[in-house]
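K.L.:
Predicted model follows, preceded by the sequence.
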Amino acid sequence: MMQVEDLSREIKRLKEEKDAVILAHNYQIPEVQDVADIIGDSLNLSRQAAQVPQKVIVFCGVHFMAETAAIISPDKKVLIPDTQAGCSLSDSITIQELKEWKREHPNAVAVGYVNTTAEIKSELDYCCTSSNAVKVVNSIPTDREILFLPDMFLGSYVSKSTGRKNIFVWAGECHVHAGISAADVNEKIKSLKEAEFLIHPECSCTTPILYDVSTGTYQDKAVSVLSTEGMMKHVSRSDSKNFVVATETGILYRMKKQNPHKTFVPASEKAECQYMKMITLQKVYDSLVHDKYHVTVEKKIADKARRAIDRMLTIG
């Protein structure tokens, strides 16, 4: 078994040899982030997948992200180092459930979070991410019903932010973000003086504190509801030195690396996604050496799904 330094060196060599690029989500383990060419959230990585010149994309994230890259870049080979890297939120709605929901609301516009399978995306009118969900919903005529899926906490936040009364929200959740409670947040905020509070809209703690969050403060603390990439940009611009961060803990590595003189504390140390952590440096190396595992999407599904994804990327 090679050491981290040797693996990293070999991965760099293999990237050049195979004309490959490594895209990594903010929640990946530090060693994987360190060998990645691009690190970001779902929206940024989707954009990059469409623009990178390399012919091979090694996607260090979860399966729906690799599927999205394969849909956007059908001329590229998309690899995922571990096919078991799934998503509890993506699993919370099936294609049969979505079709039945649409039948119950025949004139509604279906808006789905990017955290969904390619098959689900093929039945959507719009795709969105946590960073542009409000923009997407605001782009839809106010007299149209909206089916928002699958995350109920993001859906609740979007409903509150847009003031729309005709949004129907699917009762799905990310097990990691759903586990971050208001009690976790309160404890950390009290323990860290002059701290800003950054919260991902998938968090369950948005529900009991949503009113305070919408006013820009919480318990006299400055608070911002942001995507992971939004959090990264915010902490670099902010004059604050201390931050309580309510999202998956993997983002703290990048935050500390880029802002070494600031302090970042997770709202909950238990907020770890076991699926994101499945991808290791050894698996990235094996993926490059053996061309595994190739992620493909049936053309019929990809063609239908591309419309919703393109709309997401156009709205920005």
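P.N.:
Arrived safely, thanks for sending.
K.L.:
State the number of residues packed around the closest residue to residue 267 other than its chain neighbours.
P.N.:
Using Cβ to Cβ, 6 or more residues apart in numbering and skipping residues adjacent in sequence, the residue nearest residue 267 is residue 246, 3.8 Å away. C-betas here are computed from N, CA, C, even on glycine. Residue 246 is flanked by 29 other residues according to other Cβ atoms under 10 Å.
K.L.:
partner residues bridging residue 246?
P.N.:
With DSSP bridges as the criterion, residue 246 is bridged to residue 199.
K.L.:
any low-confidence regions in the chain?
P.N.:
1, 205-221 (pLDDT under 70).
K.L.:
mind listing what's buried in the longest helix along it?
P.N.:
When the chain is parsed with DSSP state H, its longest helix is helix 299-315. Under the neighbour-count criterion of 16 or more other Cβ atoms under 10 Å, helix 299-315 has 301-302, 304-306, 308-309, 311-312, 315 buried.
K.L.:
residue contacts, residue 123?
P.N.:
Contacts for residue 123 (Cβ atoms under 8 Å, 6 or more residues apart in numbering) come out as 95, 98-99, 102, 110, 304.
K.L.:
From the chain's centroid, how far away is the longest helix of the chain?
P.N.:
17 Å (Cα atoms, centre = their mean, to the nearest Å).
K.L.:
Export it to CSV, keeping only CA atoms.
P.N.:
Taking Å, rounded to 0.1, in the frame of the first residue of the first chain, the C-alpha atoms of helix 299-315 are listed here in CSV:
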residue,chain,number,x,y,z
LYS,A,299,-29.3,8.7,-24.0
LYS,A,300,-33.1,8.9,-23.9
ILE,A,301,-33.0,9.9,-20.2
ALA,A,302,-29.9,12.2,-20.6
ASP,A,303,-31.6,14.1,-23.4
LYS,A,304,-34.7,14.8,-21.3
ALA,A,305,-32.7,15.6,-18.1
ARG,A,306,-30.4,18.0,-20.0
ARG,A,307,-33.2,20.5,-20.4
ALA,A,308,-33.7,20.9,-16.7
ILE,A,309,-30.0,21.1,-16.0
ASP,A,310,-29.4,23.6,-18.8
ARG,A,311,-32.1,25.8,-17.3
MET,A,312,-30.3,25.6,-13.9
LEU,A,313,-27.0,26.6,-15.4
THR,A,314,-28.5,29.5,-17.4
ILE,A,315,-30.3,31.0,-14.4
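K.L.:
Which residues does it contact?
P.N.:
So helix 299-315 is contacted by 43, 46-47, 50, 68, 70-72, 74, 112, 114, 118-119, 121-129, 132, 135-136, 139, 297 (Cβ under 8 Å, 6+ apart).
K.L.:
try stretch 49-58
P.N.:
Under the contact criterion Cβ under 8 Å, 6+ apart, stretch 49-58 has outside partners 18-23, 37-38, 59, 68-69, 72-73, 75-81, 284, 287-288, 313.
K.L.:
Which single one of the buried residues of helix 299-315 is nearest to residue 254?
P.N.:
residue 312 (23.4 Å; Cβ to Cβ).
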